[in-house]
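> Sharing a model prediction with you, sequence too.
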Amino acid sequence: MIARVLCLLLILSGAQASARSAEPTVAVGIFSGVRFSACTVVGGAELQVAATGAEGALPPGTCRAGMALAFRADGDRVTASAAAPGPRFTARAWRLTSSSPISVTPEGGRGRSYRGELVIRARAGRLRLVNRVGLEDYLRGVLPAEVPASFHPEALKAQAIAARTFALANLGKHRAEGFDLCDTSHCQVYVGAGRADPRLEAAIQQTVGVILTYQGEPIQAVYCDTCGGRTAGNEDAWPGSRPLPYLRPVLDAEGGTVWCARSPRAVWSRRIPQRKLGDALSGLGVQGAVTAIEPAACDADGRPTRYQVRTEQGEWVINAGALRAAVNRALGASTLPSSDFKAAPNGDTLVFAGRGNGHGVGLCQWGANEMAKAGKTAEEILSHYYHGATLTRIYGSENVPGE
Ligand SMILES: [Zn+2]
Ligand SMILES: [Zn+2]
């Protein structure tokens, strides 16, 4: 898939940019954070069911409109039946397609509906569901989960372009598990077809096929809820990652106005026992209760990139993103909402006063919304957060915004 995308970009960068390509397909691992061994599927009138490696196949006409099919993992194979006490058929994989969204309900969970193709496999008694879907339909399931539809249209367009670009840049991220992207915030949250909104639909349609590139390749267009006034460089959020030229720290302000100051998560405070902090950071080598955490290095905008952690036993210098990740892994996902904070000792606790919510890298969603309300275009918003990246339309027929 990546080779195909690169090929398209080469075509575009040639003298004739008229040879637009087809829309790519994305394989999304759905319910990927959930373990279950059975599910029911309801398709529309046109539901087609095909089996790979089958011992027999569902007879034609078994899947009438509105009829539920039951699937259950059997080791590394999947059995299907059209009615509870009815004939069962086992196959290595089942492929379901329909002209209308297919509704899937994992055992003991809540159902969702999906456009495109549904592939059902099993591994060691657990079902693995993959939704193969066109990139634009994929975005229709991402934007409702990743951005408020009430945001300004230009911010929504910027978000659509960022999410589309992120998907293309990360195709194959989960190749070992048999899909491209998972449906959690590890990649992008994807909720399928059920939460359409005309405002999000407009943002997708007005940017069809448009992505951000750097040196001809889709960029890692990461985004976060609220940066807190200054974004982070990618290597300061994710230690060991190569500094990317378009993910440099950005002062998220203009003329004294902090763009994301109106976010409900612009500032935060937490009180954490010193001993708990020491335990949380023990995986990074810290020993003992943490008596102080102070910035050891900051970027040009003053955002801490490394912290010095002190205990009675010693001092350690720790990458800002690594510190936040270790604390949140040990004490709960939103214990430290961001890696931009000051910490002051108080009794046997540290009191944290922080700014922003999320990793802080790339587009700041609340900042983008305020920029849009102040009259900035989607293109201006994207070039603010992803400095040096270029807007490119790789498929679709209309002009690139700002072209
Ligand atoms: Zn993922
Ligand atoms: Zn911001």
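Received it, and whenever you're ready, just let me know what you need. Ligands and ions are numbered 1, 2, ... in the order given.
> drop to CA atoms for contacts and neighbour counts, all remaining ones
OK.
> next one: stretch 215-223 to chain centre, how far?
Distance, stretch centre to chain centre, for stretch 215-223: 14 Å (Cα atoms, centre = their mean, to the nearest Å).
> near ligand 2, which residues of the chain show up?
226, 227, 228, 229, 260, 364, 367 (Cα under 5 Å from the ion).
> what sits up against stretch 201-217?
6, 9-10, 13, 23, 136, 139-140, 153-154, 156-157, 160-162, 164-165, 169, 218-219, 221, 246, 388-396, 400-401 (Cα atoms under 8 Å, 6 or more residues apart in numbering).
> out of the residues of the chain next to ligand 2, who has the most neighbours?
Using other Cα atoms under 10 Å as the neighbour criterion, residue 227 leads the residues of the chain next to ligand 2 with 35 neighbours.
> so that one makes contact with residue 368?
No - if you go by Cα atoms under 8 Å, residue 227 and residue 368 don't touch, sitting 10.6 Å apart.
> returning to what we had before: now the residues of the chain next to ligand 2 as JSON lines including distance to residue 251 and secondary structure?
Output for those, formatted as JSON lines (distance: Cα to Cα, whole Å; DSSP: H, G, I helix; E, B strand; the rest coil):
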{"residue": "226", "distance to residue 251": "13", "secondary structure": "strand"}
{"residue": "227", "distance to residue 251": "10", "secondary structure": "coil"}
{"residue": "228", "distance to residue 251": "10", "secondary structure": "coil"}
{"residue": "229", "distance to residue 251": "6", "secondary structure": "coil"}
{"residue": "260", "distance to residue 251": "11", "secondary structure": "helix"}
{"residue": "364", "distance to residue 251": "11", "secondary structure": "strand"}
{"residue": "367", "distance to residue 251": "11", "secondary structure": "helix"}
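> okay if I get these as TSV plus distance to residue 276?
Listed next are the residues of the chain next to ligand 2 as TSV, based on distance: Cα to Cα, whole Å:
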residue	distance to residue 276
226	27
227	26
228	26
229	29
260	31
364	31
367	33
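> and the residues you listed near ligand 1, which?
Counting by Cα under 5 Å from the ion, no member of the residues of the chain next to ligand 2 reaches ligand 1.
> Need the residues touching each of residue 227 and residue 368.
residue 260.
> Quick one: residues contacting residue 149.
Neighbours of residue 149 in contact, by Cα under 8 Å, 6+ apart: 156, 197, 199, 200.
> about what we covered before: closest to residue 250 out of the residues of the chain next to ligand 2?
Nearest to residue 250 among those is residue 229, at 8.7 Å by Cα to Cα.
> Which pair of the contacts of residue 149 spans the longest distance?
The widest separation within those (Cα to Cα) is 11.8 Å, between 156 and 197.
> of the two, who's got more company?
residue 156 (27 against 13).
> so how far is residue 127 from that one?
35 Å (Cα to Cα, to the nearest Å).
> how about JSON lines for the contacts of residue 149, with distance to residue 175 added?
Listed next are those as JSON lines, based on distance: Cα to Cα, whole Å:
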{"residue": "156", "distance to residue 175": "29"}
{"residue": "197", "distance to residue 175": "31"}
{"residue": "199", "distance to residue 175": "33"}
{"residue": "200", "distance to residue 175": "29"}
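> can you list the domain ranges for the chain.
Domains of the chain are assigned by automatic domain parsing as 24-58+65-136, 267-355.
> got a list of contacts for the helix or strand encompassing residue 380?
Element membership for residue 380 (DSSP states H and E) is helix 378-385. Under the contact criterion Cα under 8 Å, 6+ apart, helix 378-385 has outside partners 154-155, 157-158, 246-247, 250, 362-364, 368, 371-372, 389, 391, 401-402.
> next one: it to chain centre, how far?
19 Å.
> Next: stretch 31-42.
20 Å.
> quick one: the strands in the stretch 201-350 of the chain?
Assigned by DSSP state E, counting those that start in this stretch, the strands in the stretch 201-350 of the chain fall at 210-214, 217-218, 223-224, 253-254, 257-258, 267-273, 290-298, 304-311, 314-319, 341-346, 349-355.
> Compare the ones you listed and report which one is nearest to ligand 1.
Taking Cα to the ion, strand 223-224 is the member of the strands of the stretch 201-350 of the chain nearest to ligand 1, at 14.6 Å.
> Averaged pLDDT, the closest one. What do you get?
On average, the pLDDT along strand 223-224 is 98.
> how about the helices of the stretch 101-250 of the chain, start to end?
Listed in chain order, the helices of the stretch 101-250 of the chain (DSSP state H, counting those that start in this stretch) span 135-146, 153-169, 198-205, 234-237.
> Include mean neighbour count when you put the strands of the stretch 201-350 of the chain into CSV, please.
Converted to CSV, those look like this (neighbours: other Cα atoms under 10 Å):
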stretch, mean neighbour count
strand 210-214, 24
strand 217-218, 23
strand 223-224, 22
strand 253-254, 12
strand 257-258, 14
strand 267-273, 17
strand 290-298, 19
strand 304-311, 21
strand 314-319, 17
strand 341-346, 18
strand 349-355, 20
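> can you list the ones you listed in TSV and add distance to residue 46?
Below are the strands of the stretch 201-350 of the chain laid out as TSV (distance: least, Cα to Cα, whole Å):
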stretch	distance to residue 46
strand 210-214	32
strand 217-218	36
strand 223-224	38
strand 253-254	52
strand 257-258	52
strand 267-273	51
strand 290-298	58
strand 304-311	54
strand 314-319	53
strand 341-346	55
strand 349-355	51
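> Which among these is found nearest to residue 48?
The nearest among those, by Cα to Cα, is strand 210-214 at 32.1 Å.
> That closest one: partners in the sheet, and parallel or antiparallel?
If you go by DSSP bridges, strand 210-214 pairs up with strand 217-218 (antiparallel), strand 390-393 (antiparallel).
> which residues does the residue in the stretch 201-350 of the chain that ligand 2 sits nearest to contact?
Going by Cα to the ion, ligand 2 is nearest to residue 227 of the stretch 201-350 of the chain, at 3.8 Å. By Cα under 8 Å, 6+ apart, the contact list for residue 227 reads 252, 260, 266, 355, 356, 357, 358, 359, 360, 361, 364, 367.
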